[in-house]
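A.B. asks: Any chance you could fold what I've pasted below:
(one chain, ligands or ions: 2)
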Amino acid sequence: MSDIIHLLPDSVANQIAAGEVVQRPASAVKELLENALDAGATSIKLIIKDAGKTLIQVIDNGCGMSQTDARMSFERHATSKIKKADDLYAIKTMGFRGEALASIAAIAQVELKTKRIGDEIGVSIEIEGSELKSQEASNTAEGTSIAVKNLFFNVPARRNFLKTDSVELRHIIDEFQRVAIPNPEIAFTLHHNGTEIFNLPKGNLKQRLMNVFGSSYNTRLVPVDEKTDIVNIGGFVIKPEFAKKTRGEQYFFLNKRFIKSAYLHHAVQSAFEQLIPNDSYASYFLMLDVNPKTIDINIHPTKTEVKFEDEKAVYAFLRSSIKKSLGQFNIAPSLDFDQEEHLFNIPLKPIDGIIKQPTIKVNPEFNPFKTDGIKTEKQISNQKNWERMYSRHADNQLEFEIKKEDEQQVINSEWDKDLSKKSLYQLHNKYILSHIKTGFIIIDQQGAHERVLYERIMDSMEGQKSLTQQELFPKTIELSAADFALVLEIKNEIKTIGFDISEFGKNTFVIHGIPADSHDIDSVHLLEGLLENYKQNLQELKNNKQENIARAMAQNLAIKSGKILLPEEMNNLIDELFACKMPYSTPSGKPTISTFSLEDLDKRFKK
Ligand code: ADP
Ligand code: MG
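C.D. replies: Ligands and ions are numbered 1, 2, ... in the order given. Next up is the predicted model:
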């Protein structure tokens, strides 16, 4: 038998490596942007077509490459960034593995044009599936332009695996922001299908954040600045009152490289303790600088985790520096340092002189049951339902319609007819306790209300019969580019639930009207809350906009845990809940009702 082991041809090896380096268009975007940073560019343009499936092009004004280097750059393990193993411990560049271009060229059609600063003539190279197609002298601009076309053209399985354009674009925007935020001294633009999504001029970090997330960030940012032997900490946290219920704006940059760290996130979150509600996340853009020797640099290019030599110390410094900042800027009420107003142009105290308690975005005063003393038709009919329910109990066992056969929460027991409605009891401002003949049930008020609203919204979407409450004074809302794109995407659907909005210049909408039953909620908060929940639901409901909007809106409007309910309100809620098609769970599948039998109780008391 002859020997059977042989070396894989480079093109195959590269394709295999590509599977690790390039998972989706966004990973190619990341690599190309990082190369442009490493090349010392001061201006970087990203041009995308069809969410990167057709084209990803990065144009920089960095150092450029010689003709030989240009060709070499596509070889595997070809890098200009390290020469010997020792260099690995002093990495200051984003790349160093020499894998990215080789990988990308293995699975796409790549056009590279580059010229070094000062060179007479540059070079243009075309490579397709690792194969050199052409190489010629070219009269191109100083710097480098790389166009990656038809990603995965030769790996159909991968190509088919890609998500919808909106999902892939979101990933690209994420990567773009992760590179653009920590490099405010570099100008960036991003175009998608001919539309400018970002235009970020040079500036400082604060200006960069305002350009990325909207000018409203001007008054939201609190600077953090601490220098120690182990780590220098800079950047900003967002004031507690703007904390969000979704993760999203949690950015750590370690030596300007985006990293994820649950451990450090915990440090920040703990610095915000007591200042934000338990279910909210602190938002932050924190720059950590450490000596490269004290971190494990051998992180895989696609990974964003990192190991610190002295993780505990970094945690402690981070926590204390944020606490200090929040205190200094008079956000933590217990601390009142000397205020240095000139340092930062946000008003240290609100204009009206009253320091507000941090609040979650949804109007806490909102009372979905408020009727100003006048009973609505709906309430009257609810009351009738209640009465019907109680009288029905009298003659027969009440069986609730249950959709799922294996439904755990079967309450087929009789409601105790002797109980008046007043026997409802609110536990910890969170749960409603009610007797049933065989024991008792506990209803989660927030989840129950979510269910009620969700079904109502779904109905109105399907029946197209929602009402709009026109705003007396239409408000404008400025969004981040990503959120603006998202609203455009769901504009038609949110119309069907009663929003009336129109575009108003760059990243801005005017809100003319909101769903009629949103009561006294501020229109901007309402839309922001909807968006936030919508994004949160995206993972689970990628392709179902309607469902997501109904869920998001229900989450947005539902009374929250912690709200004190009047007996009448509890009555109405339970009444409406049992009028639902599927009362037993929230739209996202969490239980709304839990049943406890007397037997269970008896057992506990060893009876
Ligand atoms: P790495 O970045 O890990 O070195 P890459 O495959 O990303 O590996 O790039 C290979 C080499 O090509 C780089 O080391 C660099 O010398 C060169 N290169 C890539 N992109 C650019 C660019 N935009 N400008 C100048 N040189 C570049
Ligand atoms: Mg690289």
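
A.B. asks: For the rest of this, base every contact and every neighbour count on C-alpha atoms.
C.D. replies: OK.

A.B. asks: quick one: contacts for Val29?
C.D. replies: 56, 58, 172, 175-176 (Cα atoms under 8 Å, 6 or more residues apart in numbering).

A.B. asks: List buried members of these by neighbour count.
C.D. replies: 56, 58, 172, 175-176 (16 or more other Cα atoms under 10 Å).

A.B. asks: Give me the pLDDT for whichever residue of the stretch 51-200 of the chain sits closest to ligand 2.
C.D. replies: Residue nearest to ligand 2 within the stretch 51-200 of the chain (Cα to the ion): Gly95, separated by 4.1 Å. pLDDT, Gly95: 74.

A.B. asks: Pretty sure Leu32 is one of the things it touches, is it not?
C.D. replies: No - using Cα atoms under 8 Å, Gly95 makes no contact with Leu32, being 9.9 Å away.

A.B. asks: where along the stretch 1-150 of the chain do the strands fall?
C.D. replies: 43-49, 55-60, 109-115, 122-128, 131-138, 143-149 (DSSP state E, counting those that start in this stretch).

A.B. asks: In a markdown table: the contacts of Val29, plus pLDDT and distance to ligand 2.
C.D. replies: A markdown table is the format used below for those (pLDDT from 0 to 100; distance: Cα to the ion, whole Å):
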| residue | pLDDT | distance to ligand 2 |
| --- | --- | --- |
| Ile56 | 98 | 15 |
| Val58 | 98 | 13 |
| Ile172 | 96 | 17 |
| Glu175 | 96 | 14 |
| Phe176 | 97 | 15 |
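
A.B. asks: Looking at those, which is nearest ligand 1?
C.D. replies: Val58 (7.9 Å; Cα to the nearest ligand atom).

A.B. asks: OK, contacts around that closest one?
C.D. replies: 29, 32-33, 36, 44-47, 144-147.

A.B. asks: Which members of the residues you listed define the maximum pairwise distance?
C.D. replies: Maximum pairwise distance among those (Cα to Cα): 14.5 Å, between Val29 and Thr144.

A.B. asks: In the protein, which strand is the longest?
C.D. replies: Ordering each strand of the chain by length in residues (DSSP state E) puts strand 468-478 first.

A.B. asks: mind listing what that strand pairs with, with the direction of each?
C.D. replies: Counting by DSSP bridges, the strands paired with strand 468-478 are strand 508-515 (antiparallel).

A.B. asks: Excluding its own residues, what touches the partner strand? List them.
C.D. replies: With contact meaning Cα under 8 Å, 6+ apart, strand 508-515 is reached by 466-471, 473-479, 484, 497-504, 523-524.

A.B. asks: If you count neighbours, what's buried in the helix or strand that contains Ile322?
C.D. replies: Following DSSP states H and E, the helix or strand that holds Ile322 is helix 311-328. Within helix 311-328, the residues that count as buried by 16+ other Cα under 10 Å are 314-315, 317-328.

A.B. asks: do stretch 429-443 as well
C.D. replies: 430-443.

A.B. asks: nearest to ligand 2, of those?
C.D. replies: Lys430 (52.1 Å).

A.B. asks: Show the contacting residues for the closest one.
C.D. replies: Here Lys430 is in contact with 444-446, 560-564 (criterion: Cα under 8 Å, 6+ apart).

A.B. asks: What's the separation between the closest residue to it other than its chain neighbours and ligand 2?
C.D. replies: Among residues not flanking Lys430 along the chain, Ser561 sits closest, at 4.6 Å (Cα to Cα, 6 or more residues apart in numbering). As judged by Cα to the ion, to the nearest Å, Ser561 and ligand 2 stand 49 Å apart.

A.B. asks: Assess the claim that Ser561 and Gln445 are in contact.
C.D. replies: Yes - at 6.7 Å, Ser561 and Gln445 qualify as touching, with contact defined as Cα under 8 Å.

A.B. asks: in this protein, what spans have low per-residue confidence?
C.D. replies: Along the chain, the model assigns pLDDT under 70 to residues 88-89, 248, 297-303, 330-422.

A.B. asks: residues in it within reach of ligand 1, list them.
C.D. replies: Contact residues (Cα under 6 Å from any ligand atom) of the chain with ligand 1: 35-36, 39, 62-65, 73, 78-81, 95-102, 144.

A.B. asks: Which ones among those lie within helices?
C.D. replies: 35-36, 100-102 (DSSP state H).

A.B. asks: so who does the closest residue to Leu264 other than its chain neighbours touch?
C.D. replies: Leaving out its chain neighbours, the residue that sits closest to Leu264 by Cα to Cα, 6+ apart is Tyr315, at 5.9 Å. Residues in contact with Tyr315 (Cα under 8 Å, 6+ apart) are 263-264, 267.

A.B. asks: In ChimeraX, how would I select just the buried ones from those residues?
C.D. replies: One line in ChimeraX is enough to select the buried ones among those; burial here means 16+ other Cα under 10 Å:
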select :264,267
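
A.B. asks: Please produce CSV containing the contacts of Tyr315, extended by distance to Glu305 and secondary structure.
C.D. replies: Formatted as CSV, the contacts of Tyr315 follow (distance: Cα to Cα, whole Å; DSSP: H, G, I helix; E, B strand; the rest coil):
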residue, distance to Glu305, secondary structure
Tyr263, 11, helix
Leu264, 11, helix
Ala267, 16, helix
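
A.B. asks: nearest to ligand 2, of the contacts of Tyr315?
C.D. replies: Leu264 (26.8 Å).

A.B. asks: quick one, which of Gly95 and Leu32 is more surrounded?
C.D. replies: Leu32 (26 against 20; other Cα atoms under 10 Å).

A.B. asks: What residues does Leu101 make contact with?
C.D. replies: Taking Cα under 8 Å, 6+ apart as the test, what Leu101 contacts is 73-76.

A.B. asks: If you could redo that for Ile104, that was the one I meant.
C.D. replies: 18, 22, 28, 110, 148.

A.B. asks: what's around the second one, how many residues?
C.D. replies: By other Cα under 10 Å, the residues close to Val22 number 23.

A.B. asks: quick one: it from Ile104, how far?
C.D. replies: Note on Val22: its distance to Ile104, by Cα to Cα, to the nearest Å, is 7 Å.

A.B. asks: Okay, helices next: where are they in the stretch 151-300 of the chain?
C.D. replies: Ranges of helices in the stretch 151-300 of the chain, per DSSP state H, counting those that start in this stretch, are 156-161, 165-180, 205-213, 262-271.

A.B. asks: so which of those gets nearest Tyr284?
C.D. replies: Short answer: helix 262-271, nearest of the helices of the stretch 151-300 of the chain by Cα to Cα, at 8.4 Å.

A.B. asks: Next, the buried residues of the closest one.
C.D. replies: Buried, per 16+ other Cα under 10 Å, within helix 262-271: 264-265, 267-271.

A.B. asks: coming back round to it: closest one of the contacts of Ile104 to Leu531?
C.D. replies: Ala28 (28.0 Å).

A.B. asks: Distance check, the closest one against ligand 2.
C.D. replies: Ala28 is 10 Å from ligand 2, by Cα to the ion.

A.B. asks: again with Ala243
C.D. replies: 35 Å.

A.B. asks: Neighbours of that residue, how many?
C.D. replies: 25.

A.B. asks: for it, what are its contacts?
C.D. replies: 276, 280-283, 360.

A.B. asks: Quick one: name the residues of this protein near ligand 2.
C.D. replies: 35, 95 (Cα under 5 Å from the ion).

A.B. asks: let's see 8 Å
C.D. replies: Neighbours of ligand 2 within the chain, by Cα under 8 Å from the ion: 31-32, 34-35, 38, 79, 94-101.

A.B. asks: In terms of helices and strands, where is whichever residue of the stretch 351-500 of the chain sits closest to ligand 2?
C.D. replies: Relative to ligand 2, the nearest point of the stretch 351-500 of the chain is Ala482 (25.7 Å; Cα to the ion). Element membership for Ala482 (DSSP H and E) is helix 481-496.

A.B. asks: contact partners of that helix?
C.D. replies: 170, 173, 197-198, 212-213, 460-461, 464-466, 501, 507-508, 531, 545-546, 549.
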